[in-house]
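>>> I'll drop the sequence and a predicted model, then ask my questions.
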Amino acid sequence: MIAAIYSRKSIYTGKGDSIENQIQICKDYAINHLKDKNIEDFIIYEDEGYSGKNLNRPNFKKLLLDGKSKKFQILICYKLDRISRNVADFSKTLELLQSYSIDFISIKEQFDTSTPIGRAMIYIASVFAQLERETIAERVKDNMLELSKSGRWLGGQTPLGYKSEKVSYLDENFKERSFYKLIPIDYEINLVKKIFEKYLKYKSLRKVNQWLLENNYKTKLGANWNVRAISDLLKSPTYVMADEKVINFLKNNNISCIGTPNSKHGILTFNKKKGKNIYRDKSLWIASIANHDGIISSNSWLKVQEILTKNKSKSPRLGKTNNVLLSGILKCGVCGSPMGVIHGKKDIHGNKNFYYSCRLKNYSKGTRCTNGNINSKDLERAILNFLKDISVDSNKIIKKINRTNYNLNKEDIQLKEIEFLKKSLEKNLSLIKNLVRELALNSNSKANKYIISEIENLENENENLKKNISNLSSNNGKKNKYNEDIKISPLKDFNKNFFKNIRLLNNDEKKHIISRIISKITWTSKESLIHIYLYNEDSK
């Protein structure tokens with residue numbers, strides 16, 4: 001076994017803690033107390049003149065890289081603060097060492113992660129690090145929400161019509177402070193006004209979208225407009241000259257409102273999303289009277305909200321399109337836009353025809369793309385015939401399906417047992433964290449020895465659980481290969497009669513198979529050309 005020794009000395013450290021002394025103490029400890037580890041050699045890492053306030057130290061970085069490369073199996077240091085004086089950094093380092101299967105020993109504190117007590121210490125460090133992270137996160141959130149009440153712009157993508165500009169001022173102590181404010185961009189403001197005007201005229205998002213595409217207007221980020229983007233813009237109170245009527249509308253939608261409206265300024269909303277795409281409940285939203293001027297009268301803005309709500313409640317459905325097979329993977333060969341489904345006239349038998357059509361062409365009424373439509377049945381027949389041809393090479397089909405982790409052994413009993421053991425492991429880890437938290441909060445309690453004993457028992461139980469999971473996973477891997485041989489055989493027979501058998505599947509099953517083999521299809525009407533892209537292969 002190879003042991004690494006890390007030593008650090010800042011310019012403020014006394015002579016007794018010199019680099020040489022730290023290294024010698026670590027070597028002596030290893031020789032006298034770690035005989036069972038069979039340490040054959042030492043790798044020394046020294047950082048002299050570096051503070052422990054962060055991890056930005058050259059030889060410490062090298063140590064972590066070498067640890068990842070398995071150049072040593074145990075790390076020894078004189079004191080915990082040689083690694084870091086920051087709890088969060090220290091916890092992060094321990095997590096890395098654990099992931100590399102490296103034991104860690106700190107001599108001064110008798111911290112040894114190869115023992116149950118040592119691992120309990122890791123949990124204690126983790127608890128404090130987590131508390132620190134949560135406290136910081138809550139503080140940032142509280143500060144942001146408090147700042148939102150001031151109506152200032154807090155950052156992020158600015159809305160169409162505005163840019164952010166830094167404003168500096170002196171506080172009561174004559175210290176320079178700054179904040180950001182939304183400043184209008186004239187040509188973008190004019191576009192926003194036109195969008196509101198067109199919607200009040202047409203009362204249709206699709207017609208507004210058509211107008212925008214026909215006139216080649218772009219979004220703030222230079223993309224083509226779509227119905228969703230238009231709807232979001234129209235709903236935004238950023239543009240309204242807020243008055244009491246607007247505030248009452250927002251409150252009726254359970255949105256908290258801050259500030260006094262003056263029929264001049266717009267409104268900024270905060271705390272709307274959790275992450276990138278998940279919206280919080282409206283009762284958690286905050287609407288604050290902003291510093292920038294609104295551009296849409298309250299009457300017009302409220303009228304737009306009324307129309308949007310009314311249209312949403314009566315949105316017509318032109319019929320179900322779940323009988324088509326290529327939605328999601330079919331793209332326009334001319335402009336690259338998705339191809340959606342439109343409805344044609346009924347045939348002589350009264351059946352409705354479906355066609356795949358470029359969405360950009362439809363939304364722009366043919367002004368932005370001229371690619372022709374294609375009958376859904378004709379295109380799907382061509383795709384199924386293509387799959388029929390390549391299904392002669394059954395290994396090709398099977399390889400495609402296996403590549404997407406098609407589950408051939410879903411009901412396997414061992415998988416259920418592994419899942420049960422994993423849940424037991426998670427439960428034990430949760431119990432350990434709770435016990436460690438109790439230990440950390442009541443350091444002088446007489447009950448601590450029982451808590452430590454219980455942590456050790458749970459740790460031992462976890463070791464057994466991990467071994468069982470590892471053994472079952474290994475056995476299950478072998479069994480999967482056996483089951484694959486059994487279940488692939490019918491698949492081979494299926495492929496020999498692919499075109500005949502696929503007709504027996506329902507549409508969802510057909511779509512599932514097609515989407516696992518084909519990544520993209522493009523249609524170009526001018527050349528009557530279909531490009532089929534298999535996963536990890538060029539087009540056919």
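Thanks, I have the structure now.
>>> Point me to the helix or strand that includes the spatially closest residue to residue 107 that is not a sequence neighbour.
The shortest distance from residue 107 to any non-neighbouring residue, by C-beta to C-beta, 6 or more residues apart in numbering, is to residue 29 (5.0 Å). Using the backbone N, CA and C atoms, a C-beta is placed for each residue, glycine as well. Here residue 29, judged by DSSP states H and E, is contained in helix 19-33.
>>> counting contacts, what elements does that helix pack onto?
strand 2-9, strand 41-48, strand 74-77 (3 or more C-beta pairs under 8 Å, 6 or more residues apart in numbering; DSSP states H and E).
>>> Dump those to JSON lines, plus distance to residue 165.
Shown next, in JSON lines, are the helices and strands packed on helix 19-33 (distance: least, C-beta to C-beta, whole Å):
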{"stretch": "strand 2-9", "distance to residue 165": "45"}
{"stretch": "strand 41-48", "distance to residue 165": "44"}
{"stretch": "strand 74-77", "distance to residue 165": "50"}
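>>> now the end-to-end length of stretch 107-114.
Using C-alpha to C-alpha, to the nearest Å, one end of stretch 107-114 lies 13 Å from the other.
>>> quick one: it to chain centroid distance?
When distances are taken as C-alpha atoms, centre = their mean, to the nearest Å, stretch 107-114 is centred 37 Å away from the chain's centroid.
>>> Equivalent analysis for stretch 255-262, please.
Its chain's C-alpha centre and that of stretch 255-262 lie 33 Å apart, by C-alpha atoms, centre = their mean.
>>> Give me the contacts around that stretch.
Contacts to stretch 255-262, defined as C-beta atoms under 8 Å, 6 or more residues apart in numbering, come from residues 148-149, 151, 242-244, 246-247, 250-251, 269, 282-283, 285-289.
>>> redo that, cut-off 6 Å
Stretch 255-262 has contacts (C-beta atoms under 6 Å, 6 or more residues apart in numbering) with 149, 242, 243, 247, 250, 251, 282, 285, 286, 287, 288, 289.
>>> can you dump the C-alpha coordinates of it into CSV?
Presented in CSV, the C-alpha positions along stretch 255-262 are these (Å, rounded to 0.1, in the frame of the first residue of the first chain):
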residue,chain,number,x,y,z
ILE,A,255,-50.0,36.7,-6.7
SER,A,256,-48.4,38.8,-3.8
CYS,A,257,-48.1,42.4,-4.8
ILE,A,258,-45.6,45.0,-3.4
GLY,A,259,-45.4,48.7,-3.9
THR,A,260,-47.9,51.4,-4.8
PRO,A,261,-49.1,51.7,-8.4
ASN,A,262,-49.0,55.1,-10.1
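>>> Neighbours of residue 174, how many?
6 (other C-beta atoms under 10 Å).
>>> any idea how far the residue nearest to residue 107 lies from residue 421?
Residue 29 sits 37 Å away from residue 421, going by C-beta to C-beta, to the nearest Å.
>>> Between those two, tell me which one has more neighbours.
Applying other C-beta under 10 Å to residue 29 and residue 421 shows that residue 421 carries more neighbours, namely 18 against 15.
>>> what sits against residue 512?
Contacts of residue 512 by C-beta under 6 Å, 6+ apart: none found.
>>> re the thing from before, any figure for the gap between the residue nearest to residue 107 and residue 23?
Residue 29 sits 11 Å away from residue 23, taking C-beta to C-beta as the criterion.
>>> Ok, residue 117 next?
Where residue 23 is concerned, residue 117 sits at a distance of 26 Å (C-beta to C-beta).
>>> Settle it for me: which of those two has more neighbours?
Between residue 117 and residue 23, counted using other C-beta under 10 Å, residue 23 has the larger neighbour count: 20 against 14.
>>> From what I see, residue 376 and residue 354 are in contact.
Yes: using C-beta atoms under 6 Å, residue 376 is in contact with residue 354, at 4.2 Å.
>>> Please identify every residue contacting each of those two.
Common contacts of residue 376 and residue 354 (C-beta under 6 Å, 6+ apart): residue 324.
>>> higher neighbour count, those two?
Neighbours were counted for residue 376 and for residue 354 using other C-beta under 10 Å; residue 376 has more, 24 against 19.
>>> residues contacting the more buried one?
Counting by C-beta under 6 Å, 6+ apart, the residues that residue 376 touches are 324, 354, 356.
>>> Looking at those residues, spot the one nearest residue 463.
Among the contacts of residue 376, residue 324 lies closest to residue 463 (C-beta to C-beta), at 53.7 Å.
>>> my guess is that closest one meets residue 341, correct?
Yes: here residue 324 reaches residue 341: they are 5.3 Å apart, a contact under C-beta under 6 Å.
>>> Between the two, which contacts overlap?
Common neighbours of residue 324 and residue 341, using C-beta under 6 Å, 6+ apart, are residue 354.
>>> mind putting the contacts of residue 376 in TSV, distance to residue 371 and secondary structure included?
Shown next, in TSV, are the contacts of residue 376 (distance: C-beta to C-beta, whole Å; DSSP: H, G, I helix; E, B strand; the rest coil):
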residue	distance to residue 371	secondary structure
324	17	coil
354	17	strand
356	10	strand
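>>> which among those residues gets closest to residue 203?
Lowest distance from residue 203 to the contacts of residue 376 (C-beta to C-beta) belongs to residue 354, with 28.0 Å.
>>> for that closest one, what are its contacts?
Applying C-beta under 6 Å, 6+ apart, we find residue 354 in contact with 324, 341, 376.
>>> and with 10 Å instead?
Residues in contact with residue 354 (C-beta atoms under 10 Å, 6 or more residues apart in numbering) are 319, 321, 323-324, 341-344, 373, 375-377, 380.
>>> what about residue 44, distance to residue 77?
For residue 44, the distance to residue 77 - C-beta to C-beta - is 11 Å.
>>> Between the two, which is the more surrounded one?
Per other C-beta under 10 Å, whichever of residue 44 and residue 77 has more neighbours is residue 77, with 25 against 15.
>>> Specify the beta-bridge partners of that one.
Under DSSP bridges, the beta-bridge partners of residue 77 are residue 6, residue 106.
>>> Just read off the phi/psi values of the residue nearest to residue 108 when sequence neighbours are not counted.
Excluding the flanking residues, the one nearest residue 108 by C-beta to C-beta, 6+ apart is residue 79, at 4.3 Å. Dihedral angles of residue 79 (phi, psi; degrees, to the nearest 10) stand at phi -140, psi 160.
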